[in-house]
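[1] here's my sequence, what's the structure:
(chains A and B)
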Amino acid sequence: MRLNEKELEIVEILEKDARIATEDIAKMIGLSVEETELSIKRLEENKVIVRYISIVDWTKVEEHPGVRAMIDVKVTPKRGVGFDEIAERIYRFDEVNSVYLMSGTYDLSIIVEGKSMNEVANFVSQKLSTLDSVISTTTHFILKKYKHDGIIFEPDNKDKRIVVSP
Amino acid sequence: MESTKRTYVSKLVHDLKPSGIRRFFDLAAGMEGVISLGVGEPDFVTPWHIREAAITSLEQGYTSYTPNAGLLELREEIAYYMKGQFNVAYSPADQIIVTVGASSAIDIALRTILDPGDEVIVVEPCFVSYVPMVELAGGVAVQVQALKENDFKILPDQIEAVITEKTKAIMICSPNNPTGTMLSKSELEGLANLANKYDLLVIADEIYAELAYDEEYTSMAAIDGMIERTILVSGFSKGFAMTGWRLGFVCAPVEISNAMLKVHQYGLMCASTMSQYAAIEALKNGRVDVEEMVKSYRRRRNYIVQSFNEIGLECHEPGGAFYAFPSIQSTGLTSQEFAEKLLLQEGVAVVPGDVFGASGEGHIRCSYASSLEQLQEAVKRIKRFIDSL
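    Residues are numbered from 1 along each chain as shown, chains lettered A, B, ... in the order given. So this is what the prediction gives:
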């Protein structure tokens, strides 16, 4: 889909702040509110805007510790379907957040989320490792998130400028 | 001998008025929760790769003086940048001086060209330092008012009317602080004709040149024949978000540049070394950052100008910089009263227009170099303030 200049601006603005009011977007790009609404609708219908999501720092939420692990997986590809079949079997698990086919020393990189280290460990040992095509797994628990999807966690956002300046 | 208290401060300095911005800075300093539209600098922090270049220069031990005119590598980058971005050709060896911010560039330019009593035509509303800097250099600032009716653009007739035998230069700033007004190529040509006709210099403060939103930017030095009459002042503060680095530069014909270098070397020696290494990185690899920031400023400009007009503060659309200059005449308050009451009542800091010259009266300068959330809150508070009057 080829976006016009205004649509491109809308996408950029919404990517930074999905909660911004349509009225404000309209002002920023110089369209009427109705025109802006129509453009957003068109972008949604064409799946340019796929979904509006929040990036949550769960470590801030009490009683909701949660753990996340990155798992390197070596697998045996199958004739005719390559890695796709085993990738699909893996990404169907609810515990699995992301699956990527990688170049290098292993084949699939998967990100798994669980309530505890134990839960992730059980998933790896009982569900992932037991799949026929899986040769080996290496699990790396994420200890702290500094930056995710371009967003820096706990950035120093304090405005360091003096209140009035030339 | 009769004992009378001696005054040590020179009459010239004694008679200088303190900056009106300073007063508001002091007023706002002790207040909590102030939303500031009073800042004359980007809200972006200097891009990381530029900061890292400075850190690396320190790690490598580049902590000594540079040549007076600045690192040759930086001057070469500036020449390349000025040619590529603004189509003006300067020789790095003898036409570019790296200075301590654009302010020091203006200062050395004025001190280089002025003899006592020489006149400089200053277009106002203008940056608060112009007039005092002319006076400190021994000159006389002849102020000409760019009027609201003309979108704060100066007309050549207005300038011509005040030219005398003593006039040495015209000083302009485009895009302008505080109005955001940008002069088009034809408007610059009108001023250039005058400069040619009366054999005048133009001191062109182009520090906001990167922040042009609707039209392509034209440098005064790019107008036919003007490179020989222009002292072009610019720097890294606004476009590259590097205010605290204090790094500017000035480009001029060789004769003037060589003379300015004398003033610079005796006064300041050279600009800070780590800032110069950061600036090299900014010019080499900072274009993407500048474009991103400009995009963001343009959206905020659109937002704030429309919002001001909606709440009854008539505001022309500024073509550049990051200032809106709405009229507050409908409130019946002076710009000082408006700014002070707004600050005390609603905690929003703006700068009263009269501090930039008499023609700024009836307006306030609002910087939109703030996050959208801050601008939204500021507009909400200003509306509440106006409704309370």
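[2] write out the residues of chain B neighbouring chain A.
    Proximity of chain B to chain A is confined to B:19, B:21, B:24-25, B:28-29, B:31, B:34, B:36, B:38-41, B:43, B:45, B:127-129, B:295, B:299-300, B:302-303, B:306-307, B:349, B:351, B:372, B:376 under the rule Cβ under 8 Å from any Cβ of the partner chain. C-beta here means a position set from N, CA and C on the backbone, and glycine is covered the same way.
[3] show me the shaky parts of the chain.
    In the absence of a named chain, chain A is used. A:65 (pLDDT under 70).
[4] um, chain B though
    Along chain B, segments meeting pLDDT under 70 span B:1-3.
[5] which SSE is B:I382 in?
    helix B:372-388 (DSSP states H and E).
[6] what does that helix rub up against?
    A:17, A:20, A:24, A:28, B:35-37, B:299-300, B:303-304, B:307-308, B:311-313, B:331, B:341-342, B:345-348, B:366, B:368, B:370 (Cβ atoms under 8 Å, 6 or more residues apart in numbering or on different chains).
[7] and the nearest residue to B:Y323 once chain neighbours are set aside, how many neighbours does it have?
    Counting by Cβ to Cβ, 6 or more residues apart in numbering or on different chains, B:Y323 lies nearest to B:G180, which is 4.7 Å off, once chain neighbours are set aside. Using other Cβ atoms under 10 Å in any protein chain shown, B:G180 has 30 other residues around it.
[8] B:G180 contacts B:C315, doesn't it?
    No - the criterion here is Cβ atoms under 8 Å, and B:G180 misses it with B:C315 at 9.7 Å.
[9] how about the helices of chain A, start to end?
    Using DSSP state H, the helices found in chain A span residues A:5-16, A:22-29, A:33-45, A:84-91, A:117-122.
[10] looking at those, which is nearest to B:T218?
    Taking Cβ to Cβ, helix A:5-16 is the member of the helices of chain A nearest to B:T218, at 23.1 Å.
[11] now the residue of chain A positioned farthest from its centre: closest residue in space, sequence neighbours ignored.
    Distance from the C-alpha centroid of chain A peaks at A:P166, with 42.0 Å (Cα atoms, centre = their mean). Nearest non-adjacent residue to A:P166, counting by Cβ to Cβ, 6+ apart: B:G40, 4.9 Å away.
[12] just checking, that neighbour touches B:S367?
    Yes - assessed by Cβ under 8 Å, B:G40 is found in contact with B:S367 at 6.3 Å.
[13] who has more neighbours out of these two?
    For B:G40 and B:S367, the more surrounded residue by other Cβ under 10 Å is B:S367, and the numbers stand at 29 against 23.
[14] what sits against A:K145?
    A:57, A:59, A:68, A:153.
[15] so it versus A:E63, what's the distance?
    19 Å (Cβ to Cβ, to the nearest Å).
[16] hmm, back to that, so which of the helices of chain A is nearest B:A161?
    Of all the helices of chain A, the one in closest proximity to B:A161, counting by Cβ to Cβ, is helix A:22-29 (40.1 Å).
[17] the closest one - contacts with which helices or strands?
    Judged by 3 or more Cβ pairs under 8 Å, 6 or more residues apart in numbering or on different chains; DSSP states H and E, helix A:22-29 is in contact with helix A:5-16, helix A:33-45, helix B:287-310, helix B:372-388.
[18] give me the contacts around the third one.
    When contacts are defined by Cβ under 8 Å, 6+ apart, helix B:287-310 is touched by residues A:9, A:12-13, A:24, A:27-30, B:42, B:44, B:47, B:50, B:180, B:210-211, B:213, B:239-241, B:314-318, B:322, B:324, B:326, B:366, B:368-370, B:372, B:375, B:379, B:382.
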